[in-house]
Each structure stands twice: as structure tokens, then as C-alpha cells.
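A.B. asks: structure for the following, please:
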Amino acid sequence: MISNSPRSADDIKARYQYPDSRFIPVKGMNVHYRDVGSGPVVVLLHGMFASLHTWEKWIDILKKDFRVIAPDNPNYGMTGPHPEAMYPGIYSDFLEAFLDALEIDQCMMAGNSLGGWMTWEFAATRPQRVSKVILIDSAGYLFFPTLTLMLLALPGAIAITRRMKTPRFFVRRVLRSVYGNPELVTEERIDLYHAMMLLPGNLQAATRVVHYIRNHLGFRTGHIKKVKQPALVMWGEKDRWIPLRHVACFCKDMKNSTSVTYPEAGHVPMEEIPEKSVADARAFLLKK
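C.D. replies: This is a model prediction of the structure:
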């Protein structure tokens, strides 16, 4: 049960939409996104189990210099399940259609975790559409999954999630595991993540994403070497989901890259240390 939170999908959406929330039809989905500020375009892509809310404090800073666009990625948030489930290239296809719908020819792109995978794959396969890349604790190389991901990867997990709702204690456990300092996870933050996972089809859709990654033995990492754009790799040193050693892997394969790590942060530096992490991102994005 969500503490002091609305119960129905309509109530959840009403509570967690922003005054500037927008919706646009893309590939059979009504995509929820924010589009604020003016200037060069920066697209922010959230990670697994998250939503565009993860970027709230980054957006408040970046909108002073940039036009910042942050969608709820397919299979998550208020966008919800992709009608075609999962297939190779699904997120790059989505990003191309999303940018086309907004009449954006080129942008800079930043992604966390799953959003990092979306970012480097799109930058590699549609290089003319991305001028700079930021990867934040990005998915990419093989790693030993957390217990949460292992459970969702089990055979039959999709059928089970079709008949169940996400328990709040599960959301609390997952969220505390992605922060370097679990004490920074507030009840309000747990309510938000829980609410997004209670929206119809989201838990099952997230499970399909995990199964897709499992069935394909990870990601098509050959694309990473094709990323020629200037890139910044940002990482929380206390990341319990994806190991710190992947920073060196990304920087080796992306020749035009630099990195910065944060001793106190976990898997989501933009939530845990927003001021420090966005300052580094902003400096990189503004650099000529």
C-alpha cells in the first residue's frame, strides 16, 4: 500500500504529473515527458524501474542553459508498456521516433543505467543525431546481477508479475540498494517509485526487459566502440548494481571520453548528489 498516496492509476498520474508534463503519441504509446528551458537540446533518459522524476533537480539547473527533454521511457513511468514488448533496437527506434515527433534533428544525450544503454546505442547507430554523450552508471558490459534482477529473470516471472502488484517493501529494498547512502532514501521517494510500478502493466513490462537482457546475454557492446562523440562517463563508487570497473571499459572503448567518479554515491548520482553531479554534467555540455 502507498502511504498517504492515491490508489487508482488516474489518481497516481494526477499526483505525479508536473505542471509542465506533456504527452505525445509515439509508436502506439502516449509518451509522458517534460520539455523545459531553451537553447541546445539535452535529452535525459532514466534507468530501470525509474521515471523522468529521477532528473528533477538536474532539470532545475540545466533548463537555465538548455532545452531539456526527459521522457518516461517505454515500459516505465506514465508512458507504460511498449505495445511490441521487446526486440533488438527497440529503444533506438523509439528515440528516433520521439525526436522526429518533436522535430529535433540533433541533441546531446545523457542516460543512467538502462538509459545509458539507450544513449550509447542511439549515439552509435544514429551518430548524426547525437553531438555529445553522458553515461551515468550505464548498463553495457556483463556483470553479476543483483538478487532483484535474478528473481525477475527466473522462468515464469512474467506470468507471476501479470497476477501481482509490486509490494512496497520490495520497492524500498530496491531503492535503498541503488543509493550509496541508503539513509537518504525518503518515504516520499519510495511512494513515487512504488506508484510508478503500480501503474497497469509496468511491473510485467519491466520484467520483460530483464528477460530480454538475459536471453540476449547482455547488450550488443560492439556499438560502444562506434561512439565517436565527446563522452563523459560518470559513476558512483558505491554502485551495488553495476561495478565501478566498467568506467575503464567504457573509456577504453569510447576513445573520445573522460570520466568522473563520486566516492559517496551509488547507482543514481543524479538523485543522491544532484548538485555535484549536475555541475560536472553542465560543464561538459557547455564545453566548446
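A.B. asks: okay, and the closest residue to Tyr18 other than its chain neighbours sits in which element?
C.D. replies: Counting by Cβ to Cβ, 6 or more residues apart in numbering, Tyr18 lies nearest to Arg34, which is 6.0 Å off, once chain neighbours are set aside. Quick note: C-beta positions are derived from backbone N, CA and C, even for glycine. Taking DSSP states H and E as the criterion, Arg34 maps to strand 29-36.
A.B. asks: what is the burial count for Ala248?
C.D. replies: Number of residues near Ala248 (other Cβ atoms under 10 Å) recorded here: 11.
A.B. asks: tell me the contacts of it?
C.D. replies: Not one residue lies near Ala248 by Cβ atoms under 8 Å, 6 or more residues apart in numbering.
A.B. asks: can you check Val31 too?
C.D. replies: If you count contacts by Cβ under 8 Å, 6+ apart, Val31 has them with 23-25, 71-72, 74, 79, 98.
A.B. asks: what sits closest to Met196 if chain neighbours are left out?
C.D. replies: Among residues not flanking Met196 along the chain, Ser51 sits closest, at 4.9 Å (Cβ to Cβ, 6+ apart).
A.B. asks: so where's the stretch 101-250 of the chain uncertain?
C.D. replies: For the stretch 101-250 of the chain, the stretches with pLDDT under 70 are 143-165, 216-218.
A.B. asks: can we see that at 50?
C.D. replies: 153-154, 157-160 (pLDDT under 50).
A.B. asks: could I get the full set of strands for it?
C.D. replies: Here the stretch 101-250 of the chain has its strands, by DSSP state E, counting those that start in this stretch, at 107-112, 130-136, 231-236.
A.B. asks: which elements pack onto the second one?
C.D. replies: This points to strand 130-136. Strand 130-136 sits against strand 107-112, helix 114-125, strand 231-236, helix 274-286, with contacts defined as 3 or more Cβ pairs under 8 Å, 6 or more residues apart in numbering; DSSP states H and E.
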